[in-house]
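S.K.: any chance you can model this:
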Amino acid sequence: MMRVAVVGGGLSGLVAAHELARSGGARVTVYEKEEHLGGAKTVAVNGGSSGPVLVDLDFMVFNRVTYPNMMEWFERLGVEMETSDMSFSASLRLNKGNGFEWGSRNGISSVLVQKSNFLSPRFWLMINEIFKFKNHALKYLEDHARNPDQNETLGQFIQSHRYSQLFQDAYLIPMCACIWSCPSQNVFGFPAGFVLSFFCDNHLLELFSPLQWLNVKGGSGSYVNKVREELESMGCQIKTGCKVRSVSRLKGGYRILEADGSEEIYERIVFCVHPPDALKVLGTEATPDEQRVLEAFQYIYSDLYFHCDESFMPHNSSAWSARNFLGTTSSGVCVTYWLNILQNIESARPFLATLNPPRVPDHVLLKWHTSHPIPSMAAAKATLELNNIQGKRGIWFCVPYQGYGNHEDSVKAGKAVASGLLGKKCDFLVNPKPMVPSWTEAGARFLVAKNMGKYITIGNFSILEEGGTTLSFGKTCERCQLKCVIRVHNPQFYWKIATEGDPGFAYSYINGYISFVDKKEGIQNIVEITLANRGERKRLSSSHANNKSYIKKGWWTPLLRINGVTLAKYVLHEVLRRNTISKARKNISAHYDLSNEFFALFLDPTMTYSCGIFKVEDESLEAAQLRKLDNLINKAKVEPGHHVLDIGCGWGSLAIRLVKRTGCKCTGITLSEEQLKYGKRKVKEFGLEDRITLLLCDYRQIANGQKFDRIISCGMLEHVGHEFYEDFFASCEYHLAEHGLLVLQSIACPEELYDKMRTRPEFLKEYIFPGGCLPSLARITSAMSNASRLCVHHVENIGYHYYPTLTRWRDNFVANREKVLALGFDEKFMRTWEYYLNYCAAMFKSHMGLDYQIVFARPGDSKMPSYVAIA
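M.R.: I've put the predicted structure just below:
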């Protein structure tokens, strides 16, 4: 395996090392002269009444539109992010008195923060020029798209369009200075194409940026820790506080001399430090081409003070923004960063960081030095030649100057160098286009966001829109620590969820309108968050009985009046799907006749499609299903001479287990032709044709006068339907012999949800089980008492076993994805079933799904067995 040294543990170095180590083709060592990686500098300071707070001095701000590769890398690492700010302000005087101030943080009120500007023609000329600047920039970029002019500077561009001095001093120079930390004399020497492209790509040609800016939650140290953990798990050696003194060529490799005199030999070297530092380490070993290209990249060095002195902010607090330009001093540009809004620091104290202040601020907490690249014409030309020196002699230079020098370009540089070193092609993600909803979709979005904001208070649900906008609802807490993040790819999502509720959310996932960032647990998490908030609202409602603000409506409930149309369509569908004798067979066929080969891909070898009973956590699904079958047989007290009716026999697992264990006779009925074929084949394989009879038969069509000593029905009652529960119990009692027992296993819903679930559109009924209806225990017992003499003699809820059952089905389904597709099912089908299995798993994990085993018998039966203890 190739030994590679990565010199420099900043962002680009960490990306390069991570990509190299992840490939499995390199053994990587990272050298960093500082004691910490990633340039991360986090300090704990007194936040006043709010207590101590952690402040990150790395200022890492990014967005989902123009930083796609960085976002993809962070999400792969599981880095948490939160909203930030990219607003600007300019205050052209540092001392008190009349000056010129404007800002962008609070919209037009910040722009017009200085009242005298209302009547100033110069000010309104500047505003007009800002809009002209956008048009001129876009035209310039369009004209130079194919033949870029490498010689035109920003100063020449400004002069050719005759922009006013106020526009330059109060808008353009402050914007550029805040971004590149360069004084005005350097700004006008920037390449015009470079600056205008950056402004365009980052939506800075607009007075108010539409982008949602983000930073790393917990500071840059949190992502560094994740990277370090992964690197070390892949065998990467990390040397912090280890300065590289020199790199010299040896036969077949390079020798690295460390500051303490230690030496190491490597086959490849990756420099992830500033070009001047790389040249210093290489010394006379640098080739003329390396010397020429790398010397073109120059830096400006600044003093940076971390303090709480408000005098280094605009005089009018309404103009305060994330980045505040305060003019130019003899030592360089003076810019103050307002860390409270950059990092969401909740403190009454203003935490500020100022570059090159004209005097030492009051209340200084920390001082350090920093450097920033100067985007000069020479650097722009050298960038085009950088590939000519990459890897020519086993040395690579990982610098973010193929772009704008921001964090996105650092990530791209790291990926590019790693790919080049490994001899692989590097494909970068491109900037996504912002999502543009129609007026109806925008209205639905507003209503959905408003309702979610009211409803989701515990747990966190975030929506990432295509194009960068982020919506976040609720906060994690002890009552719900779950998080769920979805991506919205189509604004129709908002319309579907606003008008159709729960089925609309499912429809959006199935049709690709949304996707989950956490592909394995995302669906479960959103269902659990929803259920947790439902419980929270009930808790608050009970303690605030007279407060109408605690609405009962859940976020999945349709919000618009059009839901009357949706409800009417649903009622019509339900009428057409009522489980009459003819419709019941069609409803069952829609699910169970999909394909026996399909069900075999995720069920256990017994082909049992109901809740298992687990004895230990890591037990096999087959063992749990056999225990469940035995449990039902034990509760039914089946004896060798009995004739047992299995209603909803499925693929025959219960009938076969029953006969093999007890020697009884069994008749099984199903409405699925595929199940019947499979069941008959298995009965024949076991040689049990003389003991087991399987029929395609409705429970209402069993031969008159036929009696059974025991009736067992597992997982069938859910398909009977609200209107037919009495028919079911009447039929069971009619066919149950004297001293007979009826044993049911059925999923059930809580009593309080029964009427809502059966009368409203719901995902399972719309997409998975047409005609299905989950009973409640009260509905079961009421149907029993209304239509029969039967009484409940034993009941047990085994619902807590359904979560591990469903997760095993889901894992099997996902593992056999390619085999499912090979059977002829499409991607929509895959997403439907992924949603179904995760949706149900979440219901049972939250204990909102119940699964009862109930024993019924006639009252006064002297032969009724005892159910004090059941195995």
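
S.K.: contacts and neighbour counts: CA atoms only from here.
M.R.: Noted.

S.K.: ok, and the closest non-adjacent residue to residue 725?
M.R.: Distances taken as CA to CA, 6 or more residues apart in numbering put residue 783 closest to residue 725, at 5.7 Å, once the chain neighbours are dropped.

S.K.: hmm, residue 721 and the one you found touching each other?
M.R.: No - with contact defined as CA atoms under 8 Å, residue 783 does not reach residue 721; the gap is 11.6 Å.

S.K.: give me the element residue 370 is part of.
M.R.: Residue 370 belongs to strand 364-373 when assigned by DSSP states H and E.

S.K.: buried set for that strand?
M.R.: For strand 364-373, burial by neighbour count (16 or more other CA atoms under 10 Å) applies to 372-373.

S.K.: which elements pack onto that strand?
M.R.: Judged by 3 or more CA pairs under 8 Å, 6 or more residues apart in numbering; DSSP states H and E, the packing partners of strand 364-373 are strand 299-307.

S.K.: for residue 214, what are its contacts?
M.R.: Residues counted as contacts of residue 214 (CA atoms under 8 Å, 6 or more residues apart in numbering) are 61-63, 81-85.

S.K.: and if you look at residue 105?
M.R.: Remark: with contacts taken as CA under 8 Å, 6+ apart, residue 105 is in contact with 87-89, 319-322.

S.K.: tell me the SS of it?
M.R.: Using DSSP: H, G, I helix; E, B strand; the rest coil, the structure places residue 105 in coil.

S.K.: what distance do you get for it to residue 315?
M.R.: 15 Å (CA to CA, to the nearest Å).

S.K.: give me the low-pLDDT residue ranges for the stretch 301-450 of the chain?
M.R.: The stretch 301-450 of the chain contains residues with pLDDT under 70 at 328-332, 400-402.

S.K.: re earlier: direction included, what does the strand holding residue 370 pair up with?
M.R.: According to DSSP bridges, strand 364-373 forms sheet pairs with strand 299-307 (antiparallel).

S.K.: can you name every helix or strand that the very next helix or strand once past the partner strand contacts?
M.R.: Where DSSP H and E defines the elements, the next helix or strand beyond strand 299-307 is strand 323-329. Here strand 323-329 touches strand 88-91, helix 173-180, strand 332-338, going by 3+ CA pairs under 8 Å, 6+ apart.

S.K.: just the C-alphas of strand 323-329, formatted as PDB.
M.R.: C-alpha atoms of strand 323-329 as PDB (Å, rounded to 0.1, in the frame of the first residue of the first chain):
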ATOM      1  CA  ARG A 323     -19.900  41.400   8.600                       C
ATOM      2  CA  ASN A 324     -19.300  45.100   9.200                       C
ATOM      3  CA  PHE A 325     -16.900  47.200   7.200                       C
ATOM      4  CA  LEU A 326     -15.500  50.100   9.200                       C
ATOM      5  CA  GLY A 327     -13.000  51.600   6.700                       C
ATOM      6  CA  THR A 328      -9.300  51.200   5.900                       C
ATOM      7  CA  THR A 329      -6.500  51.700   8.300                       C
END
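
S.K.: quick thing: my sequence starts at 18, can you match it?
M.R.: In the new count, where the first residue is 18, that last one comes out as strand 340-346.

S.K.: in it, which residues are buried?
M.R.: Result for strand 340-346 [16+ other CA under 10 Å]: buried residues 340-345.
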